[in-house]
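In: the following block contains a protein sequence and its predicted model.
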Amino acid sequence: MNFNDFNFNPDLYEGLMAMGYKSATPIQEQAIPVILDHHDLIACAQTGTGKTASYLLPVMDKISKAAVRHNNTLILAPTRELAQQIDLQVEALAYFTNISSLAVYGGGDGIAYEQQKRSMREGVDIIIATPGRLMAHLSSGVLKLEHLQHLILDEADRMLDMGFYDDIIRIISYLPKKRQTLLFSATMAPKIRTMAGKILHEPKQITISIAKPAEGIDQQAYNIHDQQKQALLTEIFKSDQYKSSIIFASTKEKVKALYKAFKGLGIKAEAFHSDLGQKEREDILLAFKNRRLPILIGTDVLSRGIDVEGIDLVINYDVPGDPADYVHRIGRTARAATKGTAITLVNGRDKRKFDNIEKLIEKAVPRMPLPESIAAMEITHVEEKKTPHKGKKKVWHKKKKPKPSV
């Protein structure tokens, strides 16, 4: 289906053509008519399917024809990075229109906060916000949303995972009951259905398969010891075969350790984690998008919070515990019908996790042989120390001899 079949506003359509978009993706083909017909919608679609444009295009078309446009649309996103990316996409699509947008998120300085307040007082067409920062503006009385026409929740499952449920419900209490609500989620967990039942009115439902990675991804796995992992990565990046790569690790401590190891070996990479300041994170993402940075190392925050074309390699340094996270991670490559490679390093503890992933994707991922030099490495077996549960101080008592019976 071509975009001209939707009969969009000519200026909006011109922006689409300038960006090189001609044919709708499956989620766009199904969601756009539903949204144009003013129905509430719950859509299950993973990142990389074109879901952002599937709600932006029809909503922007309706804004261009709206009589009242002051704070017309609110888009909630789980992270500042995603909010920024959505805002950039609005700006690109709206290039030939007079539709305005504002990204509202925390982490900036006082000047940024005041700029957000001023823009909201003046009124914009589309506000893209993280729940916590938006709630602060609503509570202060700066932001008024009595004329809101559209509420969109992007990556709703991620927002609930991050503990934003209460903020979302409070935000909705400030909105008019007569509105169109669109909920997009990569998974359809029971908690998503429960929330949808509370905030949507007779919604249409669309599900785009999320269990299968893109056909263009060459999936590979290595059975490997933890002590061999860094050596294998060094070998992979020595070849200079990959121009844009993401490495996912399970914790920010591993992210930092891997970055330090790469730096010592002269491999150009950056670590992306929550300890970085907002400006640092933005600079790193910009360098990665502009191809000045070839390797980005991060946790699962990156698997949904980054939207960069042309990534040709994804490495799972650790096997994710949730099989759906595997799909999200490797979905950073082979986007828009391109090719890419996904490599997963599977240690002995993670074999069961990887079995569950293969069940989900209904495919056996080929096991690759380790290079001889790495396979021959001497492995030191270290017994893991058991540590007490967090929050409880471990107290060691000297064992007493039992008292003699009387």
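Out: Alright, I've got the coordinates.
In: can you name the next helix or strand after the helix-or-strand element of the chain with minimal mean pLDDT?
Out: For the chain, using mean pLDDT, DSSP states H and E, the weakest element among its helices and strands is helix 301-305, scoring a mean of 63. Next helix or strand after helix 301-305 toward the C-terminus (DSSP states H and E): strand 313-316.
In: off-centre distance for that next one?
Out: Its chain's average C-alpha position is 16 Å from that of strand 313-316, according to Cα atoms, centre = their mean, to the nearest Å.
In: partners of that strand, with directions?
Out: strand 245-248 (parallel), strand 340-346 (parallel) (DSSP bridges).
In: which ones are touching Ile128?
Out: Contacts of Ile128 were listed using Cβ atoms under 8 Å, 6 or more residues apart in numbering, and they are 75, 77, 83, 86-87, 90, 101-104. Backbone N, C-alpha and C define where each C-beta goes, glycine included.
In: please redo it, this time with the cut-off set to 7 Å
Out: 75, 77, 83, 86-87, 101, 103-104 (Cβ atoms under 7 Å, 6 or more residues apart in numbering).
In: swap in Ser100?
Out: 124-125.
In: can you check the pLDDT for it?
Out: Here, the pLDDT recorded for Ser100 equals 94.
In: just the CA trace of stretch 359-375, in CSV.
Out: Extracted in CSV, the C-alpha atoms of stretch 359-375 (Å, rounded to 0.1, in the frame of the first residue of the first chain):
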residue,chain,number,x,y,z
LYS,A,359,12.0,-21.9,21.3
LEU,A,360,10.6,-18.4,21.0
ILE,A,361,12.0,-17.6,17.6
GLU,A,362,11.4,-21.2,16.5
LYS,A,363,14.9,-21.5,15.1
ALA,A,364,18.1,-23.2,16.0
VAL,A,365,20.9,-20.5,16.0
PRO,A,366,24.1,-22.0,14.4
ARG,A,367,26.9,-22.5,16.9
MET,A,368,30.2,-21.1,15.5
PRO,A,369,33.6,-22.7,16.3
LEU,A,370,35.9,-20.5,18.4
PRO,A,371,39.2,-19.5,16.8
GLU,A,372,41.9,-22.0,17.7
SER,A,373,43.9,-19.5,19.8
ILE,A,374,40.9,-18.7,21.9
ALA,A,375,39.7,-22.3,22.2
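In: contact partners of that stretch?
Out: 211-213, 219-224, 228, 231-232, 235, 323, 344, 358.
In: relative to Leu232, how far out is the residue nearest to Ala269 when sequence neighbours are not counted?
Out: Nearest residue to Ala269, sequence neighbours excluded (Cβ to Cβ, 6 or more residues apart in numbering): Ile295, at 3.7 Å. According to Cβ to Cβ, to the nearest Å, Ile295 stands 14 Å off from Leu232.
In: Val142 too?
Out: Counting by Cβ to Cβ, the gap from Val142 to Leu232 is 52 Å.
In: what's the neighbour count on Asp161?
Out: 16 (other Cβ atoms under 10 Å).
In: what about it, distance to Asp322?
Out: 10 Å.
In: by contact count, what packs against whichever strand or helix holds Leu74?
Out: Taking DSSP H and E as the definition, Leu74 sits inside strand 73-76. Applying 3 or more Cβ pairs under 7 Å, 6 or more residues apart in numbering; DSSP states H and E, one finds that strand 73-76 makes contact with strand 126-129, strand 150-153.
In: ranking those strands by burial, who's on top?
Out: strand 126-129 (a mean of 27; mean count of other Cβ atoms under 10 Å).
In: ok now that strand, how far from the chain's centre?
Out: 17 Å.
In: likewise for stretch 27-46?
Out: 20 Å.
In: mind checking the end-to-end distance for that stretch?
Out: 10 Å (Cα to Cα, to the nearest Å).
In: may I see the buried residues of that stretch?
Out: Neighbour-count burial for stretch 27-46 flags 27-32, 34-36, 39-46 (criterion: 16 or more other Cβ atoms under 10 Å).
In: got a list of contacts for it?
Out: Against stretch 27-46 from outside (Cβ under 7 Å, 6+ apart): 1, 6, 24, 49-51, 53-55, 57-59, 180-186, 188, 196, 200-208, 210, 327-328, 331.
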